[in-house]
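Novice: Structural data only, the sequence is not supplied:
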């Protein structure tokens, strides 16, 4: 799961093997407390290619004596099926549902949005899936089911719905599609918070507060969005007195910083500059507000941990922005969603680790990531990490290793939902059936194994196969239509002088 952050799966596997060999006890987290029983059964079916009844039979094998002849039948059952995972981490001990979560009314656990027809352009298929996601969201919000946890029920709202994508570009596509349908949504940005304009501007402002008589620092602070001065105004502000309306707040804030009353300092900055109402009047203002408030929280946490002076805090903030990953607090600087209101959440699968939502949709992952170096790949295997350079068997192994990571990423996507999961199924050609370099391939292949030809087996009642169609291509007008235009539009001769 954390391979995209540089974590080494093989290092974990080796450590686990060494501990078990030394007599350590392996503890299995075998109970799912997030999802309904039908949803757990459906996800288990996709991950193991086995029905709930078959999994129950396998579980019973562990209660049999080693010489019991029935174990052979169970072993034969275990050997059947096409495994979801091909790498070193497997799903060999499927979880069971705790029963803590239920849907009211009962829902199909997994709805497959299946694009009908033969081989079609992937863009047309993606457009159809986007439209289907918007349709389903409208249905859910118009007649919301209730999420029942420990006997307490509440209706599902927009903020209980989550759309997961492979990339930021796909997240933006989803947001555009939902906003065109007037469905409230909030986009979670994967860009690092310390890389934003808000981080740079807050650093400039705090720099001026630390030294309020420094001319260059004051001028830099005044052109930030906190003050909003125009660049052509700066020449007249170079030598203003300390009691000037722009300079006076810097001294008042400096007094708070001297007392290390940072909580009041950040509150005063937002109140005195009227940053929030002014930001709301600008494009992208909601994102700016969320980022600034998030930055203030992180800086307060840093001050509480290290008791630094303001100038040290500024240097630390600039260092986090400048030094990339080397000196940043773990995960806290990922941007938050734009709104805490009742809005559908949109984010990448990587961003969703540890999160849950009542209703989850998957979108995208049908294209290969553009490699920065197409002839260079990383192989993660038993012998550690190896760089493969040049086309050949080494690069093929690197692509397979990349496919293993996509399998683990698909596991994250499949296990976020509490009540219902929506999965696209693309027509031939979208994921090139078995192309391990496309992120959605593991799920597409699992759906193909579940329902060959779109026929869901009778022992999989948790699934609903819902066909969708691609939009008809727009046809260019023929000569007759152009002639009709000339007859019905009197101004055509003037607008198109060559038309006859």
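Specialist: Structure's in. What do you need? Bear in mind that the values here come from a model prediction, so they are computed numbers and not experimental data.

Novice: who's in contact with residue 16?
Specialist: residue 26 (CB atoms under 8 Å, 6 or more residues apart in numbering). Yep, even glycine has a C-beta here, placed from its N, CA and C like the rest.

Novice: For the strand or helix carrying residue 179, name the packing helices and strands.
Specialist: In this assignment (DSSP states H and E), residue 179 forms part of helix 168-180. Contacts defined by 3 or more CB pairs under 8 Å, 6 or more residues apart in numbering; DSSP states H and E place helix 168-180 against helix 122-142, strand 161-165, strand 185-187, strand 344-348, strand 357-363.

Novice: Dump these to TSV, plus mean neighbour count.
Specialist: TSV is the format used below for the helices and strands packed on helix 168-180 (neighbours: other CB atoms under 10 Å):
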stretch	mean neighbour count
helix 122-142	19
strand 161-165	27
strand 185-187	23
strand 344-348	24
strand 357-363	26
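
Novice: Excluding chain neighbours, what is closest to residue 425?
Specialist: Nearest residue to residue 425, sequence neighbours excluded (CB to CB, 6 or more residues apart in numbering): residue 114, at 4.2 Å.

Novice: one step back: just the buried residues of the helix holding residue 179, please?
Specialist: 168, 170-171, 173-175, 177-178 (16 or more other CB atoms under 10 Å).

Novice: Among the residues you listed, name the least confidently predicted one.
Specialist: Here the lowest pLDDT out of these sits on residue 168, with 81.

Novice: which of the helices and strands packed on helix 168-180 has the lowest average pLDDT?
Specialist: Ranked by mean pLDDT, the helices and strands packed on helix 168-180 end with strand 185-187 in last place, scoring a mean of 85.

Novice: Measure how far that one is from the centre of its chain, please.
Specialist: 11 Å (CA atoms, centre = their mean, to the nearest Å).

Novice: helix or strand right after it?
Specialist: Downstream of strand 185-187, the first helix or strand assigned by DSSP H and E is helix 197-210.

Novice: who does the helix or strand just after that next one touch, helix- and strand-wise?
Specialist: Toward the C-terminus, helix 197-210 is succeeded by helix 215-222 as the next helix or strand (DSSP H and E). Judged by 3+ CB pairs under 8 Å, 6+ apart, the packing partners of helix 215-222 are helix 197-210.

Novice: tell me which residues in the helix it packs on are buried?
Specialist: So, applying 16+ other CB under 10 Å, buried residues of helix 197-210: 198-210.

Novice: can you map out the helices along the stretch 351-500 of the chain?
Specialist: Under the criterion DSSP state H, counting those that start in this stretch, the stretch 351-500 of the chain carries helices at the ranges 393-414, 441-450, 479-488, 492-495.

Novice: ok, of the ones you listed, where does mean pLDDT dip lowest?
Specialist: Taking the mean pLDDT of those, helix 492-495 comes last: a mean of 46.

Novice: Which strand residues bridge the most centrally placed residue in the chain?
Specialist: Taking CA atoms, centre = their mean, the centroid of the chain lies closest to residue 348, which sits 1.8 Å from it. For residue 348, the beta-bridge partners are residue 165 (DSSP bridges).

Novice: isn't it right up against residue 164?
Specialist: Yes: Residue 348 is within contact range of residue 164, at 7.1 Å (criterion: CB atoms under 8 Å).

Novice: thinking again about what came up before, let me see the contact set for the residue nearest to residue 425.
Specialist: Contact partners of residue 114, counting by CB under 8 Å, 6+ apart, are 424-425, 454, 465-468.

Novice: Of the residues you listed, which belong to strands?
Specialist: 424-425, 465-468 (DSSP state E).

Novice: neighbour-wise, which of those leads?
Specialist: With neighbours defined as other CB atoms under 10 Å, the most crowded of those is residue 424; it has 28 neighbours.

Novice: doesn't residue 113 make contact with it?
Specialist: Yes: here residue 424 reaches residue 113: they are 5.0 Å apart, a contact under CB under 8 Å.

Novice: Give the residues shared as contacts by these two.
Specialist: Joint contacts of residue 424 and residue 113 (CB under 8 Å, 6+ apart) are 129, 132.

Novice: Kindly confirm my reading that residue 113 forms part of a strand.
Specialist: Yes: assigned with DSSP: H, G, I helix; E, B strand; the rest coil, residue 113 falls within a strand.

Novice: Low-confidence regions, the stretch 251-400 of the chain specifically.
Specialist: Applying pLDDT under 70 to the stretch 251-400 of the chain picks out residues 283-284, 323-341, 368-400.

Novice: Understood, closing this out.
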